[in-house]
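> let me see the structure of the following:
(2 chains)
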Amino acid sequence: MAKITLNNIAHSYDGGSSYALKAMSLDWHDGGAYALLGPSGCGKTTLLNIISGLLQPSEGQLLFDDVDVSGLPTEQRNIAQVFQFPVLYDTMTVAENLAFPLRNRRGADKLSAAEIDTRVQQAIAMLGLEALAGRKARGLSADDKQKISLGRGLVRTDVNAILFDEPLTVIDPHLKWQLRTQLKQIHRQFGHTMIYVTHDQTEALTFADKVVVMLAGEVVQVGTPQQLFDTPQHTFVGKFIGSPGMNVLPCELAGNQAVIDGHHIALPREYPVLTGVPELGIRPEFVRLVESHEGMPVQIVAVEDVGRHRIVRAQLNSHPLDIVLPEHQPVPSAPGVRFEMNRINIYQNSQLVGRGS
Amino acid sequence: MKPWNNKAWFFVLPVLLLVAFSAIIPLMTVVNYSVQDSFGNNEFYWVGLEWFQEVLASERFHNSLMRNLLFSGIILLIEIPLGIAVALAMPRRGWGVSVCLVLMALPLLIPWNVVGTIWQVFARVDIGLLGHTLASMGIDYNYTQDTIDAWITLIVMDVWHWTSLVVLLCYSGLVSIPDAYYQAARIDGASRWAVFRYIQLPKMRRVLVIAVLLRFMDSFMIYTEPFVVTGGGPGNATTFLSIDLVQMAIGQFDLGPAAAMSLVYFLIILLISWVFYTVMTQQDNESVTDTRPGGVQ
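Take a look at the predicted model:
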């Protein structure tokens, strides 16, 4: 286990004309459970492969516990990585598959056969693979195969970090929860540094203590799930996290008021005149649906009942607006909306400049 | 049970007819010859299995068969490992790929008798580049007089001609391995040998089955090249079954024994191919039966 430091890491696949990963510096603390969240193609996997050494970054240094490992090949970094699709050694049994990374160790790290066996048995028990241990890996279901791939990462109890690259993509939904909970347990038990790449916010928020949100090769916010929900640093984070995501409305600022199409909305504090495009962000959970004379009148486009609550898709003049409506509250015949003042975030050029409370 | 679809016969019929005329009817004609004797004049007499007994007991047949088995054995032992090695060494991306593929395909595009002629001239001691060079280096080499030299010439020619096929098949197996496997191997700290043994070889197994079968069948049926290069000589040293068969059928016009021999020849190829296939695909079947107890169903 180790602290991982990115020092101005950047990567370009085409020799510098475009960057898949823009220069970033970031610390991953020893024993932390991190999620790397972002849309497809934002550079998550690139970043992961740079940490494991499958990819040499075009620029910058990578440090494990303050030791520069940028030049070390993957084999010497002692990193476990689990891929999106199961990778198994077909001709080996399940137990042999799990033992493989341990058997490959040479020299000072070499393990005795008994020690390998103990660790393999532990991993098998951890993932509930007892029934399959002696079977050839070929011909197992995708779920089982991916469990074994996970297992190959988990047998190595002394790794610097375990990296997961969307490992639950091929797994059945009901099993996803179970495996994620298991991973979380394993993390608590052994305290590995874990980095979990996903584009699924539920996965990220349930797995991680800290979520790193990426967009177009840049880290836009690092924070706890709560921070991402309450104070998205970037309008993208607000929209990407939450279901539905945050409403972002263009506005003008006048002292301690925001003006949207002539409607004045009170803000908790005054803002100076901002250069750039000001926007107002409010989560659907904090938009109140009221009678039109009590707030800004809206047109309702659709009401989706998702069980615990309803999602109202409305139109505030020309701007779409999502509202979360508690289950038993009726939809007014002439609806209007009011924003909870303490929950309004103000953005300038997509960056947060003022939070509600 | 699916109901019979009689329309399907219309689609299958052309193929059946084609196979009947190109394979089944000629084969049956051979069966017909193999149980009869003829003294010309289109008169045939029933002799039963006499020709089969004669062929199977004849020393000439045994010798040709042994030569053939030895030749195929040597060919497989050289071409399969060499083919795998070349395929592993070939580049996976970049301009080198097409260059390698074209170079590899070249020998396969040359007609077989031309290959024979090329090597026949190439290896001649008086004018051939290879033969003359060897002779001028003081090496006593003459494929028309020395048995070993004749064999070496034929084997080197076959390796030159056909290793590319094995290379191309193996290469197709190799490039179909997703990058993730190599990445996982690096993560697991696998050695180069382990990568070959546990990733590349298993993934190549299916194409290797095809390569071994094709190379066995082709080398066991080899005719054109030795016919052109050595003509079966010196003496009978390179008289393989096919050359022997042609001598018997056309040279001596012994239709009955030749027919019996062709059938035995055919059955041997069938049998050995089946053995190869069964042995090499056994692991597949094992894992299929493996999954039954406690499996999905």
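
> run through the strands of chain B in chain order.
B:36-38, B:44-46 (DSSP state E).

> just so I know, which of those lies nearest chain A?
Judged by Cβ to the nearest Cβ, the one of the strands of chain B that comes nearest to chain A is strand B:36-38, at 52.2 Å. C-beta coordinates here come from the backbone N, C-alpha and C atoms, glycine included.

> show me what that closest one is packed up against.
Packed against strand B:36-38 by the contact rule (3 or more Cβ pairs under 8 Å, 6 or more residues apart in numbering or on different chains; DSSP states H and E) you find strand B:44-46, helix B:255-290.

> for the strands of chain B, could you give me a markdown table that also reports mean neighbour count and mean pLDDT?
Below are the strands of chain B laid out as a markdown table (neighbours: other Cβ atoms under 10 Å in any protein chain shown; pLDDT from 0 to 100):
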| stretch | mean neighbour count | mean pLDDT |
| --- | --- | --- |
| strand B:36-38 | 16 | 81 |
| strand B:44-46 | 11 | 80 |
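
> may I see the buried residues of stretch B:48-62?
Residues B:50, B:51, B:52, B:54, B:55, B:61 are the ones in stretch B:48-62 that count as buried (16 or more other Cβ atoms under 10 Å in any protein chain shown).

> ok, stretch A:128-139 near chain B or not?
Yes. Shown here: stretch A:128-139 in contact with chain B (Cβ under 8 Å from any Cβ of the partner chain) through A:131, A:135, A:136, A:138, A:139.

> up against chain B, what does chain A have?
Contact residues, chain A versus chain B (Cβ under 8 Å from any Cβ): A:49, A:52-54, A:73-75, A:79-81, A:83-85, A:87, A:89-92, A:100-101, A:104-105, A:131, A:135-136, A:138-141, A:149, A:152.

> buried subset of these as a PyMOL selection?
A single PyMOL command selects the buried members of those (16+ other Cβ under 10 Å):
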select buried, chain A and resi 49+52+53+54+74+75+79+80+81+83+84+87+89+90+91+92+100+101+104+105+135+136+138+139+140+149+152
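
> now intersect the residues of chain A next to chain B with the strands, please.
A:79, A:80, A:81.

> the last one and residue A:179, how far apart?
It stands for residue A:81. Taking Cβ to Cβ, to the nearest Å as the measure, residue A:81 falls 17 Å from residue A:179.

> give me the mean pLDDT for stretch A:136-150.
For stretch A:136-150, mean pLDDT is 82.

> first-to-last residue distance for it?
One end of stretch A:136-150 sits 17 Å from the other (Cα to Cα, to the nearest Å).

> what distance separates it from the centre of its chain?
Counting by Cα atoms, centre = their mean, to the nearest Å, stretch A:136-150 is centred 25 Å from the centre of its parent chain.

> ok, stretch B:190-202 next?
Centre-to-centre, stretch B:190-202 and its host chain are 27 Å apart (Cα atoms, centre = their mean).

> just the endpoints, please. Distance across it?
15 Å.

> any part of that stretch near chain A?
Yes. Judged by Cβ under 8 Å from any Cβ, stretch B:190-202 and chain A are in contact via B:190, B:191, B:194, B:198, B:199, B:202.
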